[in-house]
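Asks: What would the 3D arrangement of this be:
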Amino acid sequence: MFLASAAPLIGLAGAGVSAYSQIRAGREQDALARTNLLSQQQAIRQQGAIALMQSRMQEISAQQTAQALAIDAQNERNAAEYESRAAQENIRRQREDFSRALAEQRAAIAARGVVDTTGSPLELLLQSAEDQAFSEANARAADEMNRRARFTRASGLDYQSRVAGLNRGSAILAGMAAKQQVTTGLTQASVNYRSERASAVGQYWGAAGTILEGASQYGTRRSQLKQITTPKL
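Replies: Residues are numbered from 1 along each chain as shown. Here you go, the predicted model:
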């Protein structure tokens with residue numbers, strides 16, 4: 001009789017133990033989900049920071065390279081213009097020197113009473129003029145070759161500068177992608193956390209259901225026991 005009367009209480013106690021186990025499991029699962037979330041967030045932020053730092057360093061390096069190459073290209077053009085002006089000035093001075101030397105030469109020939117339009121004096125003057133023309137032609141050719149070489153190098157440096165600029169753009173895009181990956185990763189981590197926490201909440205609801213079911217069974221058994229133990233009139 002004692003066991004029969006204690007059965008409802010035993011059943012209710014069993015329901016309480018089961019509910020407690022479910023609550024404890026829910027808490028552990030909730031704590032684990034929270035730990036996983038924090039761990040994932042930390043890893044995502046660290047990886048994002050590293051990727052962003054790398055892209056920023058690449059951006060700065062590419063920008064500095066592009067600027068340095070652009071300066072070198074301009075220096076080549078400036079040098080070409082400076083050297084060309086110097087070459088033209090040398091040609092002008094050589095022509096003036098030749099004109100003076102030619103005038104002196106003709107004066108010397110005339111002083112000796114020689115006519116400078118015939119014979120050896122004429123050949124000498126013609127040879128001097130040809131030598132001067134040849135010297136000027138060589139100087140102009142050398143100047144033109146130097147200008148072409150300088151501007152060709154400047155064009156190559158300009159191209160390399162543009163490539164470096166494109167690399168800078170790629171680094172900027174990589175930084176933007178790194179930021180987006182962090183945002184996406186954090187969002188996914190939150191989704192995973194909510195999914196895992198939903199299981200923990202399910203444990204809490206299960207515990208509530210167990211308690212309600214135990215209480216219901218306790219009431220039913222108490223009612224049945226009362227009917228059994230109550231003497232019939």
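Asks: all contacts plus neighbour counts: C-alpha atoms, from now on.
Replies: Fine.
Asks: any idea of the pLDDT on residue 132?
Replies: Predicted confidence (pLDDT) for residue 132: 83.
Asks: just the one 3 residues further on next, same as before
Replies: Listed pLDDT for residue 135 reads 88.
Asks: And it, how close does it get to residue 125?
Replies: 15 Å (Cα to Cα, to the nearest Å).
Asks: One more: residue 153?
Replies: Taking Cα to Cα, one finds residue 153 at 42 Å from residue 125.
Asks: Please apply the same query to residue 67.
Replies: Counting by Cα to Cα, the separation of residue 67 from residue 125 is 55 Å.
Asks: for residue 51, same thing?
Replies: 77 Å.
Asks: Then residue 164?
Replies: Distance check for residue 164 against residue 125: by Cα to Cα, it reads 58 Å.
Asks: ok, for residue 84, nearest residue in space, not its chain neighbours?
Replies: residue 143 (5.8 Å; Cα to Cα, 6 or more residues apart in numbering).
Asks: With residue 144 instead?
Replies: residue 84 (7.9 Å).
Asks: tell me which element the one you found is part of?
Replies: Using DSSP states H and E, residue 84 sits within helix 2-111.
Asks: for the record, mean pLDDT for that helix?
Replies: Per-residue scores along helix 2-111 average to 80.
Asks: of residue 51 and residue 125, who's got more company?
Replies: residue 51 (20 against 16; other Cα atoms under 10 Å).
Asks: Distance check, the more buried one against residue 97.
Replies: As judged by Cα to Cα, residue 51 and residue 97 stand 68 Å apart.
Asks: if we can go back for a sec, and the helix holding residue 84, what does it pack onto?
Replies: Contacting helix 2-111 under the criterion 3 or more Cα pairs under 8 Å, 6 or more residues apart in numbering; DSSP states H and E are the following elements: helix 119-229.
Asks: residues touching the residue nearest to residue 84, list them.
Replies: 83-84, 87 (Cα atoms under 8 Å, 6 or more residues apart in numbering).
Asks: Just the closest of those to residue 188, please.
Replies: Nearest to residue 188 among the contacts of residue 143 is residue 83, at 64.1 Å by Cα to Cα.
Asks: any idea how far that closest one is from residue 185?
Replies: On the measure of Cα to Cα, residue 83 and residue 185 end up 59 Å apart.
Asks: Also residue 166?
Replies: Per Cα to Cα, residue 166 is found 28 Å from residue 185.
Asks: Check residue 45 too.
Replies: 9 Å.
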